[in-house]
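Asker: Using only what follows, build the 3D model:
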Amino acid sequence: MNDNSSLTRLFATFFKIGAFTFGGGWAMISIIEREIVDKYHWIDRKEFLDLLAVAQSLPGILAVNISVAVGDKLRGLKGSVCAAAGTIAPSFMIILLIAIFLTPDMITNNPILSSIFKGIRPVVVALIVAPVISSARSAGIGLRTAWIPAAVALLIWSKLPYISNPILYIVLGGAAGWYILSRSVRRHQSAKEDGRQ
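Answerer: Here you go, the predicted structure:
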């Protein structure tokens, strides 16, 4: 167990992630990676990429899925609950305050709030693009394999029936990964057997 992974630290770290990120799951990834990989070293970068792939494939909110997995790895069930609560609490409190004090007309017709949200939009785009690039580099996606995510993105964007369903590409990607891994294991085993003969 990591010494700096107390339940309070887990809650506070994921509370900060939940409080200072806008734009949903992908916008949070840079901050999550910096906190749990670079700052506290709770998991390594390769494990983070694997966790990110699993969390993205599962139903639910990406940040909550990652927080649950990290909390469980470090402190078990209590860690999962604390990390998930930390991620959810800021959004819950902000939405509660908005519901109590603001009406929809006050938000849409307020020039100050409209200006703030317009200013946040380009930053959210950068927060989404940055982890996509860093994840691609860490996953070993280069010029030879960049066509795969590009083609999948275009097919999903096409809105064609059946072809634009993201679940299809999650299943196909998992099946392709399983096939490639099993073929590699079989080759390795046959090479071992040939070496013994």
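
Asker: so where is the chain shaky, pLDDT-wise?
Answerer: 1-4, 22-26, 107, 131, 135, 138-139, 195-197 (pLDDT under 70).

Asker: Can you give the domain ranges for it?
Answerer: With domains defined by automatic domain parsing, the chain comprises 1-140, 144-197.

Asker: looking at those, which is buried most?
Answerer: Most buried of these, by mean neighbour count (mean count of other Cβ atoms under 10 Å): domain 1-140, with a mean of 16. Quick note: C-beta positions are derived from backbone N, CA and C, even for glycine.

Asker: For S182, give me its contacts.
Answerer: S182 makes contact with no residue, according to Cβ atoms under 8 Å, 6 or more residues apart in numbering.

Asker: Name the secondary structure element that contains it.
Answerer: Using DSSP states H and E, S182 maps to helix 166-196.

Asker: Which elements pack onto the helix ranked longest in the chain?
Answerer: Once the chain is assigned using DSSP state H, the helix that runs over the most residues is helix 62-101. Helix 62-101 is packed against helix 7-19, helix 25-33, helix 45-57, with contacts defined by 3 or more Cβ pairs under 8 Å, 6 or more residues apart in numbering; DSSP states H and E.

Asker: Switch these over to TSV; also include distance to Y169.
Answerer: Shown next, in TSV, are those (distance: least, Cβ to Cβ, whole Å):
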stretch	distance to Y169
helix 7-19	27
helix 25-33	16
helix 45-57	10
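
Asker: Relative to A89, which of those is closest?
Answerer: Nearest of the helices and strands packed on helix 62-101 to A89, taken as Cβ to Cβ: helix 7-19 at 5.8 Å.

Asker: and that closest one, what does it pack onto?
Answerer: helix 25-33, helix 62-101.

Asker: need those helices in CSV with distance to K46, can you?
Answerer: Shown next, in CSV, are the helices and strands packed on helix 7-19 (distance: least, Cβ to Cβ, whole Å):
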stretch, distance to K46
helix 25-33, 12
helix 62-101, 14
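
Asker: Of those helices, which is nearest G18?
Answerer: Checked against Cβ to Cβ, the stretch from the helices and strands packed on helix 7-19 lying closest is helix 62-101, at 4.1 Å.

Asker: after that closest one comes which helix or strand?
Answerer: In N-to-C order, the element after helix 62-101 by DSSP H and E is helix 104-108.

Asker: Tell me how far the next helix or strand after that following helix lies from the chain's centre.
Answerer: Scanning forward in sequence from helix 104-108 by DSSP H and E, the next helix or strand is helix 111-138. Centroid separation between helix 111-138 and its chain, computed with Cα atoms, centre = their mean, to the nearest Å, is 15 Å.

Asker: which residues are contacting stretch 163-181?
Answerer: Contacts of stretch 163-181 (Cβ under 8 Å, 6+ apart): 57, 152, 155-158, 162.

Asker: how about CSV for those, with distance to S67 and secondary structure added?
Answerer: Output for these, formatted as CSV (distance: Cβ to Cβ, whole Å; DSSP: H, G, I helix; E, B strand; the rest coil):
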residue, distance to S67, secondary structure
S57, 16, helix
V152, 27, helix
L155, 31, helix
I156, 26, helix
W157, 29, helix
S158, 33, coil
Y162, 33, coil
